[in-house]
Every structure is written in C-alpha cells, then in structure tokens.
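Visitor: Output the structure for:
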Amino acid sequence: MKDHLLSGAPPPRPQQQRAPAGDETPADTNGETKPKAKRRPATRKKADNEGGGLGISADAPKLDRDLDTSKLAAFYGKYEPKNHPEKILVFLSFLTEELGIESPNTDQVYTCYVKANERVPKAFAQAFRDTSGRSFGYIDYKAATDIRITTSGTNHFKFDLKKKTAE
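Guide: Now for the predicted structure:
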C-alpha cells in the first residue's frame, strides 16, 4: 500500500453494494429483504378558524341573535377606542365581564360591532390576528371559538385605554 501511495497512482476505490432493484431495501442482518414503507399522503392542517365547531368562522361572521346586548351601549360608551384592536378588546371585555361568557367567539364580537353601530373590519379574521400579534398582544387568538384576553390586554383595558370624559 505504501509503495502504491508513493507511486502517485490513485488509491483503489472500495466496492459499494448496490441496493436491489424494485421495492425492496437491502438485506438486514438475517439476510432477509424488507419491503419499502409506503409514503402516506400529507394531511392538511386546519386553518385558524377551522375546527371551532358550531359552524363559527372568523372569515364569515354571523349575527348571534341569542346574545343579550342591552348593556352594550352603556359599557361601550365609556371608552374611546381608536382602532380595531382596541374595539375588539372592549367588546371582549364586555362579553367576559358584563355577560360572564367564559369563551367568547368571533360571531359574538361581530354582533357587538353591529349593535354598537361600528364599522366592521373588512378582513374580520385578520383584525383578530393583528390584535393578538406582536404589535398589540391584547388577546390570545387560536381559533374563532378560542379567544382569551391576555395580561397585556387587561392592563391596556384598565390603565391605558382612553375613557370618555364627562360632558
């Protein structure tokens, strides 16, 4: 081997075993061949608004006729929200604090927009994503039926949200 290296000739290549043709893998330690595992088709992931149940979709909100909005005008009238994230925060606070709804959904927030005579965001589902995003972080939005107010949202609602002054 030493003489071969000093002669300048290329080193001999080790022989490689070829995989058997077809759907078989190389032999295992017992000398038996195993069939190749078939690949399963990819499963489709659910979107943010799917899987919420009850047919609730943030992309196509519906009016919730069972929601009691009689106290909404008085509650909403105390605040001066200046953007959609603040409006969503006020509506969610109304739903959880005044009505005692533990897990409000996007249809209930949509109903609040309509009953408060406020312009509904064009991209309704995106408004929830923006409210839960890094810029605001007021809510934790996982699905149309899984919305929670965060600590940051509670603090903004209690201390930073502008309240209307008595006239």
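
Visitor: just for the protein, where's the confidence low?
Guide: Applying pLDDT under 70 to the chain picks out residues 1-2, 4-5, 9-35, 37, 40-54, 166-167.

Visitor: can you pull out the strands in it?
Guide: For the chain, strands defined by DSSP state E occupy the ranges 139-143, 146-149.

Visitor: Would you mind putting those strands into CSV with distance to residue 159 alongside?
Guide: Yep, even glycine has a C-beta here, placed from its N, CA and C like the rest. What follows is the strands of the chain, written out as CSV (distance: least, C-beta to C-beta, whole Å):
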stretch, distance to residue 159
strand 139-143, 17
strand 146-149, 14
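
Visitor: nearest to residue 67, of these?
Guide: For residue 67, the closest of the strands of the chain is strand 146-149, at 14.8 Å, according to C-beta to C-beta.

Visitor: what helices or strands is that closest one leaning on?
Guide: Secondary-structure packing of strand 146-149 (3 or more C-beta pairs under 8 Å, 6 or more residues apart in numbering; DSSP states H and E): helix 84-93, strand 139-143.

Visitor: at 10 Å instead, please
Guide: helix 84-93, helix 106-115, helix 124-132, strand 139-143 (3 or more C-beta pairs under 10 Å, 6 or more residues apart in numbering; DSSP states H and E).

Visitor: residues in contact with that strand?
Guide: 48, 51-52, 58, 88-89, 92-93, 95-97, 102-106, 108-109, 128, 131-132, 138-142, 156-157 (C-beta atoms under 10 Å, 6 or more residues apart in numbering).

Visitor: now with 7 Å?
Guide: 89, 92, 93, 96, 103, 104, 105, 138, 139, 140, 141 (C-beta atoms under 7 Å, 6 or more residues apart in numbering).

Visitor: Just to check, the second one is in contact with residue 104?
Guide: By that I understand residue 92. Yes: under the contact definition of C-beta atoms under 7 Å, residue 92 touches residue 104, with a separation of 5.8 Å.

Visitor: hang on, the earlier thing: make JSON lines from the strands of the chain and add mean neighbour count and distance to residue 113 to it.
Guide: Converted to JSON lines, the strands of the chain look like this (neighbours: other C-beta atoms under 10 Å; distance: least, C-beta to C-beta, whole Å):
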{"stretch": "strand 139-143", "mean neighbour count": "19", "distance to residue 113": "15"}
{"stretch": "strand 146-149", "mean neighbour count": "18", "distance to residue 113": "14"}
